[in-house]
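Novice: Take a look and give me a structure for this.
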Amino acid sequence: MPRALWPLVRGRPVVAVDLTLAATGRQVRRDLLADTGAGAARGGFELLLEESDCLLCGGIPAQAVVLGGAYVGLFPVYVIRVQIPATGFDHSVRAVGVQHVPAGLAAAGQARWRRGRHRCGW
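Specialist: Just a heads-up that it's a prediction; the model follows:
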């Protein structure tokens, strides 16, 4: 899998991902804050997205997860197709749906990819 250099926003790596809208098939780009060291290798999800994005992109509901840290409480999980054009990554992954994402990342989320599982090149 090709490697990519991720741009920094406020000194933190940002990954551009494409999601596909269920109603139209049109792709929308989201800039996700990369957090490659977060969580356990057996966590129940791969990334955080605004819940509205999960629903608009036809996310399939999965078992909810309890989060602690920046997001605290019980959150819904959706199976959603995610593409990373810079690496050719194109898989369905589990995404936690949250109401709000970090300020400064317009309509974005936080990626928490595990090395090796999807080999997304980070």
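
Novice: I'd say residue 13 and residue 31 touch.
Specialist: No. The pair residue 13 / residue 31 is not scored as a contact, 10.5 Å apart, by Cβ atoms under 8 Å. Quick note: C-beta positions are derived from backbone N, CA and C, even for glycine.

Novice: Show me which of the two is the more surrounded one.
Specialist: Between residue 13 and residue 31, counting by other Cβ atoms under 10 Å, residue 31 is the more crowded of the two (19 against 16).

Novice: Would you give the sheet partners of whichever strand or helix holds the more buried one, along with the direction of each?
Specialist: Secondary structure assignment for residue 31, by DSSP states H and E: strand 27-34. Sheet pairing here is set by DSSP bridges, and for strand 27-34 it gives strand 12-20 (antiparallel), strand 110-111 (parallel).

Novice: In the protein, mark out all the strands, start to finish.
Specialist: For the chain, the strands defined by DSSP state E cover 8-9, 12-20, 27-34, 47-50, 60-67, 73-84, 89-98, 110-111.

Novice: Which pLDDT does the model give the most centrally placed residue in the chain?
Specialist: Closest to where the C-alpha atoms of the chain average out (Cα atoms, centre = their mean) is residue 47, at 3.5 Å. On pLDDT, residue 47 comes in at 86.

Novice: In the protein, where is pLDDT below threshold?
Specialist: By pLDDT under 70, the weakly predicted segments of the chain are 1-2, 35-43, 102-122.

Novice: Residue 90 is in contact with residue 83, isn't it?
Specialist: Yes. If you go by Cβ under 8 Å, residue 90 and residue 83 touch, sitting 4.7 Å apart.

Novice: who's more crowded, those two?
Specialist: residue 83 (17 against 12).
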